[in-house]
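Enquirer: Below is the sequence, then the predicted model.
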Amino acid sequence: MFITREEYETRNDLLRQKMREEGLDALIVFSDEYRSGHGTYLTGYKPINVIEESPQVVIYVEDRPPTVFLGRLNLYAAQDVIWSKDVRPYHRAVEFIPEIFRPLKDRIAKVGLIGDNLLPMNLFALFKEALPKATFSSVDRLLIALRQIKTPAEIALMERAADINDIVLKEVVNKIQVGMTEMQVAGLVEGPARDLNADIGSATVVMSGLNTNYAAWRPTDRKIERGDFVLVDFNPAVGHYCNDGGITVLMPGASSEQVDALTAGHRIIKEIVPLLKPHTSARTVHDLMLERLEPLGYGPNFSPYVKGLRGVGHGVGVDVVEMPNLSSESDFQLLPGMTLAVKLDLHAMKAGGYRIEVVVLFTEDGVRPLNKMVLAEADDFAILR
């Protein structure tokens, strides 16, 4: 399972078409080794992080083939992987950038920037020096528009990643025990996922007890106790395409209030997923959750946490978290081909909080869940007694 060279070429052709429609003479796409999605989407190469600073820069000038810059250690493999053959070392950008932009040097060129929120000041200075008369503008939306609508090949990779996540998360329910540490629970998903030939899309989140009140948390050596909520948010990837599924296990000895809350969350997720439709407002996701949570008294545990980024979900693809964003403030149109994580979080309950998260594909007339396990199991499957 992989993305073909032809599909990468098509992506680049479509982006160049958007570049022309915007009247741009050049386009600079920047991503770094930690937020690599823009570059990986265009080239098929995901830089290895930590060993070096290795952003990925893809530059389009008029109708010329794209030029790619990568870190010197990543360069060796990238030259064999990337479909475009003009791949150069990032540490020598100061030498190559004047040459690349020479056709535009004395023109009042229009240059689009994608990923400029990550772009280092020193690199931007090189671009401005090479193009002293140019104007630069942020055009992230051009690439986001392409990335958010998935092709059949992308969907196939994402469905395999979802299947792997379903398998390993179900095994967590069977294997987790009081006395394990959060780090050991992370091992319950990461090892089996590797056995199934998955990569790890992002850091594994395991929170237990009152740690579940945090928005994010790295697993620690805290030992799981009776009555704990244990939140597991895991992100396997296949062919660079990710899944973002999450469950919360309720350990033996929990209160009836905890049981009722988690059972209600599973029931609500099952109710709302089939109701999601394309060509409706993205705010529907939030509204369907809220109208079911409020009568049960969970509004205060939900509403304060669903504004801003990733309140009730987000796009998933080459990045675990990508645009579009789902929150109480989202009002874009849901479109066929979007793959979105739908996330129900409750926080600040007496014993902490929980998360239930599944990825769905929007079709022409509804949604097709990529994560199927949570939706197929009983509402209390993750409650241990």
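Expert: Okay, I see it. All of these numbers come straight from a predicted model, not from anything done at the bench.
Enquirer: Tell me the spacing between the nearest residue to residue 220 once chain neighbours are set aside and residue 258.
Expert: Closest residue to residue 220 apart from its sequence neighbours, by Cβ to Cβ, 6 or more residues apart in numbering: residue 182 at 5.2 Å. For the C-beta atoms, the positions are set from N, CA and C on the backbone; glycine is no exception. Residue 182 sits 18 Å away from residue 258, taking Cβ to Cβ, to the nearest Å as the criterion.
Enquirer: Kindly report the same for residue 325.
Expert: 30 Å.
Enquirer: Name the residue in the two with the higher neighbour count.
Expert: residue 258 (22 against 19; other Cβ atoms under 10 Å).
Enquirer: got a pLDDT number for that one?
Expert: Listed pLDDT for residue 258 reads 97.
Enquirer: In this structure, where's the longest helix?
Expert: When the chain is parsed with DSSP state H, its longest helix is helix 152-175.
Enquirer: How far does it sit from its chain's centre?
Expert: 15 Å (Cα atoms, centre = their mean, to the nearest Å).
Enquirer: remind me which residues of this protein are low pLDDT?
Expert: Within the chain, the stretches with pLDDT under 70 are 50.
Enquirer: Now for residue 146: which residues touch it?
Expert: Residue 146 sits next to 11, 14-15, 18, 41 when contact means Cβ atoms under 8 Å, 6 or more residues apart in numbering.
Enquirer: which residues touch residue 182?
Expert: 206-208, 211, 219-222, 224, 230.
Enquirer: which SS state does the residue located most distally from the centre of the chain fall under?
Expert: Distance to the chain centre peaks in the chain at residue 106, reaching 40.0 Å (criterion: Cα atoms, centre = their mean). Here residue 106 is recorded as coil under DSSP: H, G, I helix; E, B strand; the rest coil.
Enquirer: unless I'm mixing things up, it is touching residue 133, no?
Expert: Yes. Counting by Cβ atoms under 8 Å, residue 133 is a contact partner of residue 106 at 6.9 Å.
Enquirer: Would you map the helices across the stretch 251-385 of the chain?
Expert: 256-272, 283-293, 299-302, 373-376 (DSSP state H, counting those that start in this stretch).
Enquirer: Quick one: closest of those helices to residue 317.
Expert: Of all the helices of the stretch 251-385 of the chain, helix 283-293 sits nearest to residue 317, with 17.7 Å by Cβ to Cβ.
Enquirer: Which positions in the closest one come out as buried?
Expert: Neighbour-count burial for helix 283-293, with 16 or more other Cβ atoms under 10 Å as criterion, is recorded at 283-286, 288-290, 292-293.
Enquirer: Report all helices and strands that it contacts.
Expert: helix 256-272, helix 299-302, strand 339-349 (3 or more Cβ pairs under 8 Å, 6 or more residues apart in numbering; DSSP states H and E).
Enquirer: chain center to that helix, what's the gap?
Expert: Chain-centre distance of helix 283-293: 22 Å, with Cα atoms, centre = their mean.
Enquirer: So what touches it?
Expert: 264, 268, 271-272, 275-277, 299, 301-303, 306, 311-313, 326-331, 334, 340, 342, 344, 346.
Enquirer: Any chance of TSV for the helices of the stretch 251-385 of the chain, columns distance to residue 110?
Expert: Formatted as TSV, the helices of the stretch 251-385 of the chain follow (distance: least, Cβ to Cβ, whole Å):
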stretch	distance to residue 110
helix 256-272	44
helix 283-293	35
helix 299-302	45
helix 373-376	47
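Enquirer: nearest to residue 96, of these?
Expert: Nearest to residue 96, of the helices of the stretch 251-385 of the chain and by Cβ to Cβ, is helix 283-293 at 45.0 Å.
Enquirer: Just the CA coordinates for that closest one, please, in PDB.
Expert: Provided in PDB are the C-alpha atoms of helix 283-293 (Å, rounded to 0.1, in the frame of the first residue of the first chain):
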ATOM      1  CA  ARG A 283     -20.700  23.200  13.800                       C
ATOM      2  CA  THR A 284     -23.200  20.300  13.600                       C
ATOM      3  CA  VAL A 285     -20.700  18.000  15.300                       C
ATOM      4  CA  HIS A 286     -20.600  20.200  18.300                       C
ATOM      5  CA  ASP A 287     -24.300  20.900  18.400                       C
ATOM      6  CA  LEU A 288     -25.300  17.200  18.200                       C
ATOM      7  CA  MET A 289     -23.000  16.500  21.200                       C
ATOM      8  CA  LEU A 290     -24.200  19.400  23.300                       C
ATOM      9  CA  GLU A 291     -27.900  18.700  22.800                       C
ATOM     10  CA  ARG A 292     -27.400  15.200  24.200                       C
ATOM     11  CA  LEU A 293     -24.900  16.100  27.000                       C
END
